[in-house]
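S.K.: need coordinates for the following:
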Amino acid sequence: MTTSKYIARLMGPVLLIIAIGMALGLMMEGQGYSSLLKEFIGNRGLIFITGVLALLAGVAIVNAHNLWVPDWRVIVTVLGWLLVLRGIMLLLFPVTVQTLGDRIVASLTGVIAGAAVTFVLGAILCIMGYEHLWASKPRRRSTARASTAGARGGKRPRRKRA
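M.R.: The predicted model follows:
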């Protein structure tokens, strides 16, 4: 399995679950979910921890997968670099992040847009990472079986009956 597929298999389901959780949180809890987001943004300790984790994940992805190719794999690279930038922003400029976060949470449109983008990215990564599960390729016979079958003329020997 390629590094691209491996990282897509890790990131895809995580992004999908995050997006679904955001959408369900907004639909089912509304103001409760908004207050949760406000509490998170108001806590600098959580911002610091999130920054460390984002930076760690981003640096790991960029070190393992820094491919700038014109296909789906560039999404993995771009997400890695965005995680690096997010981690740096959260660690170096927490007050600015809090201000921006307050603005986004104040209008639920930002949260909904974030959930939609996260869902699309997660779906793309899941599709590309797990495409082998639904690919309809005919099964090939192993080369060892094919060579022995050809040597015998493709027929099995008959057993003698007693």
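S.K.: the residue lying closest to T3 once chain neighbours are set aside and V59, how far apart?
M.R.: Closest residue in space to T3, ignoring its immediate chain neighbours: H65 at 5.1 Å, by CB to CB, 6 or more residues apart in numbering. C-betas here are computed from N, CA, C, even on glycine. Distance of H65 to V59, given as CB to CB, to the nearest Å: 11 Å.
S.K.: what about those two, which has more around it?
M.R.: Of the pair H65 and V59, H65 is the one with more neighbours under other CB atoms under 10 Å, namely 19 against 14.
S.K.: wait, the more buried one sits on T2?
M.R.: No. Look at H65 against T2 with CB atoms under 8 Å: they stay out of range, at 9.2 Å.
S.K.: what stretches of this structure score poorly on pLDDT?
M.R.: Scanning the chain for pLDDT under 70 picks out 1, 136-162.
S.K.: quick one: buried residues of the longest helix along it?
M.R.: Secondary structure assigned by DSSP state H gives helix 3-29 as the longest helix of the chain. Across helix 3-29, burial judged by 16 or more other CB atoms under 10 Å covers 4-5, 7-9, 11-12, 15-16, 19, 22-23, 25-26.
S.K.: what does stretch 54-68 give?
M.R.: A54, L55, A57, G58, I61, V62, H65.
S.K.: nothing else from me, thank you.
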